[in-house]
Structure formats: C-alpha cells, structure tokens
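Undergrad: sequence plus the predicted model coming up.
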Amino acid sequence: MIPTKSSNPMKQIITFSILAFFLFSCQPKDLPTVSDIHKDFAEVKFSHMTTKDELFRIKSDLRETSNIELDYSQTQFLDDGHIQTLKIGVRLPNGTRGSTSADLMKLQFNYYGFLYNPKNAPTFKVGAL
C-alpha cells in the first residue's frame, strides 16, 4: 500500500485566509478628495480618486478664500482625468513654501496634500497626510 498525503482542512482554511487577506490588502483604498478651505485654515488631501477638474476648483478656492497659491502644473493625469503622478507646490500668504509629489501607487493607499493652520504648531504640513 502506498501512503497518501491526507489533506488537512484547517491548514487549507488558514492558507486561504492568508491569501484572501493579501489580495484584499492590495486593493486601492476609497480616498475621496478632501478640501476644507477657510480664510485662516486649509486642509487639502489628494488621492488616486482626485480629478483635474477638482484640482482646478481647489486652486481657485484657495486663491480666493485664503490667498494660498497652489501649483499643480507638473501633475500628470490619466486619460479619464484622474491623477497619475501628483506634483504640487504651495505658497502661503506669509511667503512660506512647500511641495510634495507621489506616484499612483502611493496615491492609492495614502492622502498627499497639505494642512495650513496658523493657530497650531506646526502651522504648515505638506506631504503624506
């Protein structure tokens, strides 16, 4: 008689669970664009879901509401208008500048943008948020 390898159902369940966890963790997160803009406060977060039209509107809102300049001229977009590679520069009313960039892979799992709050320390943060 030739010995056969018996299958262990518990081992199969554990293996399947690990594989499923890995596959689900690789899916892009649902990260809608965030723009909370006031005269003395701005929080702007971009992700893979951000579109060129949203960037245009946010740039206009920042300039009109809080005198913050946003430069996204180096940002690249996919054919459907979503961000492929984010490259932004920010200039605050007091002259402070900052910039950040992220490729599509980073944008699928984290927000990138900036936070400006002159009543907090630090008053300005740019990059992964």
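TA: Okay, I see it.

Undergrad: mind listing the strands for the chain?
TA: Ranges of strands within the chain are 34-38, 41-46, 69-71, 76-77, 83-91, 97-103, 112-116, 124-128, based on DSSP state E.

Undergrad: partners of the fifth one in the sheet?
TA: In this case it means strand 83-91. Here strand 83-91 is paired, per DSSP bridges, with strand 69-71 (antiparallel), strand 76-77 (antiparallel), strand 97-103 (antiparallel).

Undergrad: pLDDT of it, averaged?
TA: Mean per-residue pLDDT for strand 83-91: 97.

Undergrad: same deal with stretch 96-115?
TA: 96.

Undergrad: mind listing what's buried along that stretch?
TA: 100, 102, 104, 106-115 (16 or more other CB atoms under 10 Å). To be clear about C-beta, it is placed using only N, CA and C from the backbone, and glycine gets the same treatment.

Undergrad: of all pairs in the residues you listed, which one is the farthest apart?
TA: Pairwise distances across the buried residues of stretch 96-115 peak at 22.6 Å for 104 and 115 (criterion: CB to CB).

Undergrad: ends of stretch 67-85, how far apart?
TA: 25 Å (CA to CA, to the nearest Å).

Undergrad: point out where this protein drops to low pLDDT.
TA: Scanning the chain for pLDDT under 70 picks out 1-7, 16-27.

Undergrad: neighbours around residue 52, how many?
TA: Counted with other CB atoms under 10 Å, residues neighbouring residue 52 total 15.

Undergrad: is it true that it touches residue 81?
TA: Yes - applying CB atoms under 8 Å as the test, residue 52 and residue 81 come out as touching, 4.9 Å apart.

Undergrad: turn the strands paired with strand 83-91 into CSV, including distance to residue 56.
TA: CSV is the format used below for the strands paired with strand 83-91 (distance: least, CB to CB, whole Å):
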stretch, distance to residue 56
strand 69-71, 10
strand 76-77, 11
strand 97-103, 19
